[in-house]
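[1] sequence first, predicted model second:
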Amino acid sequence: MKTEQMNFDRIILHCDLNNFFASVECVLNPELKDKCIAVCGSEADRRGIVLAKNEKAKACGVVTAEPIWKARQKCPSLVTVPPHHSLYHEYSKKVQEIYYRFTDQVEPFSIDECYLDVTGSTALFGNGEQIAYSIKETVKEELGLTISAGVSFCKIFAKLGSDMKKPDAVTCITKENFREKVWGLSAGELMGVGRASFEKLKDYGICTIGDLAAADENLMQRLLGVNGVQLKQYANGIDDREVAKYGDYEAPKSIGHGMTTPADLTDNDSVWKVILSLSAEIGSRLWDECLSASGVCISIKDNMMKTVSYRQKLANPTQSPTVIANAAREVFCQKHKWQHGIRTVTVTAVDLVDSDCFCMPDMFGDYIKDEKHEKIDSVVDALRRKYGNDSVKNAVLIEDVGHEKHDEA
């Protein structure tokens with residue numbers, strides 16, 4: 001009961017930028033504002049899918065992750081634009097700076113979503129609903145973007161509220177009205193209830209959030225394990241998760257980058273070029289995070305959509321892209337059995353440790369050689385940051401690999 005009362009006393013916001021990628025593109029190019037637009041991956045690079053769409057395209061039935069050709073069938077006037085990820089991150093930071101004017105408890109949930117705890121801000125800015133409206137109007141006025149905000153006494157219902165009404169809206173779910181407002185919704189609307197879980201719940205007559213709230217705890221345990229019990233608590237508004245304070249940060253457990261290639265890779269040399277390119281970016285991220293990798297993992301997806309992964313422990317923790325790339329190549333060449341062409345390669349630095357943490361060098365590893373690689377690579381990284389990624393390249397990468405990348409962390 002104490003935990004439940006604590007939840008009710010808090011004021012949590014979940015702010016979700018509407019159609020974020022597409023909205024940024026419209027801000028950058030106002031001529032797009034009145035058109036049906038979709039941000040899409042390159043068709044030539046086999047990533048020709050819709051990454052984001054605006055409201056006009058959505059009204060025509062265009063959905064995220066569908067192929068461009070299918071989207072154009074629904075919406076012949078669809079205008080496609082390529083993604084500009086660096087700009088999306090820039091705008092995301094600008095929006096978060098606005099959030100920080102209202103509270104120091106801002107927890108990013110994704111590039112376009114944040115939780116805010118404004119419990120301590122009411123004396124300055126009004127109640128939760130007033131704060132949400134103030135934030136919404138400030139973002140719109142200063143950046144030209146719209147948000148949907150959920151206001152509630154816990155994270156789970158704040159998130160649900162921001163999803164209930166879009167775009168450019170505020171929805172309040174209180175301790176007094178949550179049963180009336182939430183329990184009639186489909187159980188699949190609650191965060192944490194995936195498609196497979198929802199189908200399993202329906203087999204037992206658990207179709208709404210209200211059904212979930214009333215479900216037998218032992219049954220939920222049998223159906224979905226610990227997650228099932230937690231979902232029952234969430235449905236009843238019992239969620240004591242806190243919003244992180246400004247400056248709080250959880251270091252990543254892994255740092256990875258992947259590529260989908262425009263043509264199938266058919267030999268070790270072509271895979272090596274991709275590994276080199278990916279490892280350079282991983283090294284840069286490791287330096288930024290002050291972390292070192294104690295292991296490396298390389299994942300391969302072939303043209304039959306089968307994925308396999310190979311993992312290798314490093315002799316010594318490192319930030320060196322060269323050491324990481326060499327380890328990834330070694331384990332790939334040793335273990336991969338070529339049967340089909342490869343379409344996606346992902347390299348991930350794993351078993352991360354603080355870079356200033358002393359580790360006893362492996363007596364069988366070439367510590368001096370690894371240290372030299374790390375020093376050279378740090379200079380190369382500094383040059384790339386100052387003069388651009390193409391300023392210094394490995395000789396085998398003089399001909400750009402030309403593949404589209406994606407991050408994994």
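    Sure thing, it's come through.

[2] rest of the way, CA atoms for contacts and neighbours
    OK.

[3] can you give me the strands for the chain?
    Counting by DSSP state E, the segments of the chain that form strands are 12-17, 37-40, 50-53, 79-81, 106-110, 113-117, 147-152, 169-172, 255-265, 291-302, 307-318, 342-354, 404-408.

[4] for those, which one sits closest to residue 67?
    Counting by CA to CA, residue 67 lies closest to strand 50-53 out of those; the figure is 6.3 Å.

[5] now do the closest one: everything it contacts.
    For strand 50-53, contacts defined as CA atoms under 8 Å, 6 or more residues apart in numbering pick out 19-22, 36-41, 62-68, 71.

[6] quick check: mean pLDDT of it?
    Per-region confidence: strand 50-53 scores 88 on mean pLDDT.

[7] that strand pairs with which strands, and in what direction?
    Partners of strand 50-53 in the sheet, by DSSP bridges, are strand 37-40 (antiparallel).

[8] mind giving me the ChimeraX select for the contacts of strand 50-53, buried ones only?
    Selecting only the buried entries of the contacts of strand 50-53 in ChimeraX, with 16 or more other CA atoms under 10 Å as the criterion:
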select :19,20,21,22,36,37,38,39,40,41,62,63,64,67,68,71
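
[9] from the contacts of strand 50-53, which land in helices?
    Using DSSP state H, the members of the contacts of strand 50-53 that fall in helices are 20-22, 68, 71.

[10] closest to the centroid, which residue in this protein?
    residue 110 (5.2 Å; CA atoms, centre = their mean).

[11] which pLDDT value belongs to that residue?
    84.

[12] just to revisit the earlier point, out of the ones in helices among the contacts of strand 50-53, who's nearest residue 199?
    Using CA to CA, those come closest to residue 199 at residue 71, 27.7 Å.

[13] residues contacting the closest one?
    Contacts of residue 71 by CA under 8 Å, 6+ apart are 50, 61-63, 78.

[14] rewinding a little: can you tell which of the strands of the chain is closest to residue 133?
    Minimum separation from residue 133 across the strands of the chain (CA to CA) falls at strand 169-172, 6.9 Å.

[15] not counting the closest one itself, show me its contacts.
    Counting by CA under 8 Å, 6+ apart, 129, 132-133, 147-152, 158, 161-162, 164-165 sit against strand 169-172.

[16] who wins for neighbours among these?
    Ranked by the number of neighbours (other CA atoms under 10 Å), the contacts of strand 169-172 place residue 149 first, at 34 neighbours.

[17] who is that residue paired with across the strands?
    According to DSSP bridges, beta-bridge pairing links residue 149 with residue 15, residue 170.

[18] that one is in contact with residue 164, isn't it?
    No: counting by CA atoms under 8 Å, residue 149 sits too far from residue 164 to count as a contact (9.4 Å).

[19] please look at residue 292 and residue 282 and confirm they touch.
    No: with contact defined as CA under 8 Å, residue 292 does not count as touching residue 282 (10.4 Å).

[20] higher neighbour count, the two?
    Ranked by neighbour count (other CA under 10 Å), residue 292 and residue 282 place residue 282 first, with 27 against 24.
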